[in-house]
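K.L.:
What would the 3D arrangement of this be:
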Amino acid sequence: MTTVSRVACTLCALVICSCPLWGQVQPVPIPGGDVIQPFGLFNQFFPGVGSIYDGMDAEPHGITNFRGVTAMGYTLGLATDNSGKTYQVITDIRVYQGDYVGAQSTFPAGGSTSAKAHGTFVEI
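P.N.:
Below is the predicted model:
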(Lines give C-alpha, C1' and ligand atoms only; values in the text may rest on other atoms or scores of the structure.)
Protein backbone atom coordinates (compact mmCIF):
# COMPACT_ATOMS: atom_id res chain seq x y z
CA MET A 1 0.00 0.00 0.00
CA THR A 2 1.42 3.39 -0.97
CA THR A 3 1.81 6.32 1.40
CA VAL A 4 -0.98 8.23 -0.36
CA SER A 5 -3.34 5.27 0.06
CA ARG A 6 -2.52 5.00 3.76
CA VAL A 7 -3.14 8.70 4.31
CA ALA A 8 -6.42 8.49 2.39
CA CYS A 9 -7.57 5.45 4.43
CA THR A 10 -6.65 7.19 7.69
CA LEU A 11 -8.56 10.34 6.74
CA CYS A 12 -11.62 8.31 5.71
CA ALA A 13 -11.55 6.44 9.02
CA LEU A 14 -11.36 9.72 10.97
CA VAL A 15 -14.29 11.21 9.06
CA ILE A 16 -16.44 8.10 9.51
CA CYS A 17 -15.67 7.88 13.24
CA SER A 18 -16.60 11.52 13.82
CA CYS A 19 -19.96 11.38 12.00
CA PRO A 20 -22.07 10.56 15.10
CA LEU A 21 -20.57 13.55 16.95
CA TRP A 22 -21.80 16.14 14.44
CA GLY A 23 -25.39 15.99 15.68
CA GLN A 24 -24.58 15.59 19.36
CA VAL A 25 -26.05 18.07 21.86
CA GLN A 26 -23.65 18.94 24.68
CA PRO A 27 -25.07 19.35 28.21
CA VAL A 28 -24.69 22.71 29.97
CA PRO A 29 -22.54 22.58 33.17
CA ILE A 30 -23.95 23.72 36.50
CA PRO A 31 -23.06 27.24 37.61
CA GLY A 32 -20.58 27.46 40.46
CA GLY A 33 -18.60 24.54 41.77
CA ASP A 34 -15.32 24.01 43.57
CA VAL A 35 -12.05 25.86 43.10
CA ILE A 36 -9.13 23.42 43.04
CA GLN A 37 -5.71 25.06 43.01
CA PRO A 38 -3.77 25.37 40.72
CA PHE A 39 -6.40 24.32 38.16
CA GLY A 40 -9.17 26.81 38.95
CA LEU A 41 -12.96 26.44 38.93
CA PHE A 42 -14.57 23.05 38.29
CA ASN A 43 -18.30 23.04 37.55
CA GLN A 44 -18.76 20.13 39.98
CA PHE A 45 -19.48 19.63 43.63
CA PHE A 46 -18.15 16.58 45.47
CA PRO A 47 -20.79 15.02 47.76
CA GLY A 48 -19.38 13.14 50.73
CA VAL A 49 -17.98 13.47 54.23
CA GLY A 50 -14.41 14.63 54.81
CA SER A 51 -12.16 17.61 54.30
CA ILE A 52 -12.05 17.36 50.49
CA TYR A 53 -15.83 16.87 50.07
CA ASP A 54 -18.74 19.35 50.10
CA GLY A 55 -21.04 17.50 52.52
CA MET A 56 -23.73 14.88 52.08
CA ASP A 57 -26.27 17.34 50.61
CA ALA A 58 -24.00 18.68 47.83
CA GLU A 59 -25.39 18.60 44.29
CA PRO A 60 -24.33 15.34 42.54
CA HIS A 61 -25.30 16.57 39.06
CA GLY A 62 -22.71 18.24 36.88
CA ILE A 63 -25.25 19.51 34.33
CA THR A 64 -28.35 21.71 34.43
CA ASN A 65 -31.85 21.04 33.06
CA PHE A 66 -31.59 17.29 33.63
CA ARG A 67 -34.37 14.80 34.37
CA GLY A 68 -33.27 11.23 34.87
CA VAL A 69 -31.09 8.94 36.95
CA THR A 70 -27.60 9.76 38.24
CA ALA A 71 -25.17 7.29 39.77
CA MET A 72 -21.80 8.23 41.19
CA GLY A 73 -18.90 6.55 42.92
CA TYR A 74 -15.46 7.30 44.27
CA THR A 75 -12.58 4.87 43.93
CA LEU A 76 -9.26 5.00 45.75
CA GLY A 77 -6.14 2.94 45.21
CA LEU A 78 -2.48 2.78 44.28
CA ALA A 79 -0.96 2.78 40.81
CA THR A 80 2.63 1.96 39.85
CA ASP A 81 4.38 3.29 36.75
CA ASN A 82 7.00 1.49 34.62
CA SER A 83 9.88 2.75 36.76
CA GLY A 84 8.29 1.42 39.96
CA LYS A 85 7.12 4.77 41.38
CA THR A 86 3.82 4.48 43.30
CA TYR A 87 0.98 7.03 43.04
CA GLN A 88 -2.24 7.37 44.99
CA VAL A 89 -5.21 7.56 42.60
CA ILE A 90 -8.66 8.95 43.46
CA THR A 91 -11.44 8.96 40.86
CA ASP A 92 -14.92 10.48 40.77
CA ILE A 93 -17.15 8.68 38.28
CA ARG A 94 -20.68 9.87 37.46
CA VAL A 95 -23.15 8.23 35.08
CA TYR A 96 -26.24 10.03 33.78
CA GLN A 97 -29.22 8.63 31.88
CA GLY A 98 -32.21 10.73 30.97
CA ASP A 99 -33.47 13.85 29.23
CA TYR A 100 -31.74 17.21 29.29
CA VAL A 101 -31.73 20.56 27.56
CA GLY A 102 -28.27 21.23 26.17
CA ALA A 103 -26.44 23.80 24.14
CA GLN A 104 -26.20 23.20 20.42
CA SER A 105 -23.59 25.20 18.54
CA THR A 106 -24.71 27.48 15.76
CA PHE A 107 -21.42 27.77 13.92
CA PRO A 108 -22.34 30.45 11.36
CA ALA A 109 -23.76 32.73 14.08
CA GLY A 110 -20.97 31.96 16.56
CA GLY A 111 -23.36 31.33 19.47
CA SER A 112 -25.51 28.51 20.77
CA THR A 113 -29.17 27.56 21.00
CA SER A 114 -31.09 25.23 23.31
CA ALA A 115 -31.84 21.71 22.16
CA LYS A 116 -33.60 18.81 23.89
CA ALA A 117 -31.71 15.53 24.04
CA HIS A 118 -31.86 12.09 25.62
CA GLY A 119 -28.84 10.02 26.39
CA THR A 120 -26.55 8.06 28.63
CA PHE A 121 -23.14 9.52 29.33
CA VAL A 122 -20.28 9.14 31.78
CA GLU A 123 -18.09 11.74 33.52
CA ILE A 124 -14.75 10.61 34.86
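K.L.:
Show me what the longest strand seen in the chain is packed up against.
P.N.:
If you go by DSSP state E, the chain has its longest strand at strand 86-106. Strand 86-106 sits against strand 26-27, strand 66-80, strand 111-123, with contacts defined as 3 or more CB pairs under 8 Å, 6 or more residues apart in numbering; DSSP states H and E. Using the backbone N, CA and C atoms, a C-beta is placed for each residue, glycine as well.
K.L.:
ok, that strand: who's next to it in the sheet?
P.N.:
The strands beside strand 86-106 in its sheet (DSSP bridges) come out as strand 26-27 (antiparallel), strand 66-80 (antiparallel), strand 111-123 (antiparallel).
K.L.:
so can I have JSON lines of those strands showing mean pLDDT?
P.N.:
Listed next are the strands paired with strand 86-106 as JSON lines, based on pLDDT from 0 to 100:
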{"stretch": "strand 26-27", "mean pLDDT": "76"}
{"stretch": "strand 66-80", "mean pLDDT": "90"}
{"stretch": "strand 111-123", "mean pLDDT": "74"}
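K.L.:
Name the stretch among these that sits most buried.
P.N.:
By mean neighbour count, with neighbours taken as mean count of other CB atoms under 10 Å, strand 26-27 ranks first of those at a mean of 18.
K.L.:
helices and strands around the helix or strand that that one is followed by, which ones?
P.N.:
The first helix or strand that comes after strand 26-27 along the chain, using DSSP states H and E, is strand 34-36. Applying 3+ CB pairs under 8 Å, 6+ apart, we find strand 34-36 packed against strand 40-42.
K.L.:
Mind checking the pLDDT average for the strand it packs on?
P.N.:
On average, the pLDDT along strand 40-42 is 79.
K.L.:
Paired strands for it, with orientation please.
P.N.:
Assessed with DSSP bridges, strand 40-42 is paired to strand 34-36 (antiparallel).
K.L.:
Which residues lie in contact with residue 31 in this structure?
P.N.:
Under the criterion of CB atoms under 8 Å, 6 or more residues apart in numbering, the contact list for residue 31 reads 43, 64.
K.L.:
ok, so what distance separates it from residue 41?
P.N.:
Look at residue 31 and residue 41: by CB to CB, to the nearest Å, they are 10 Å apart.
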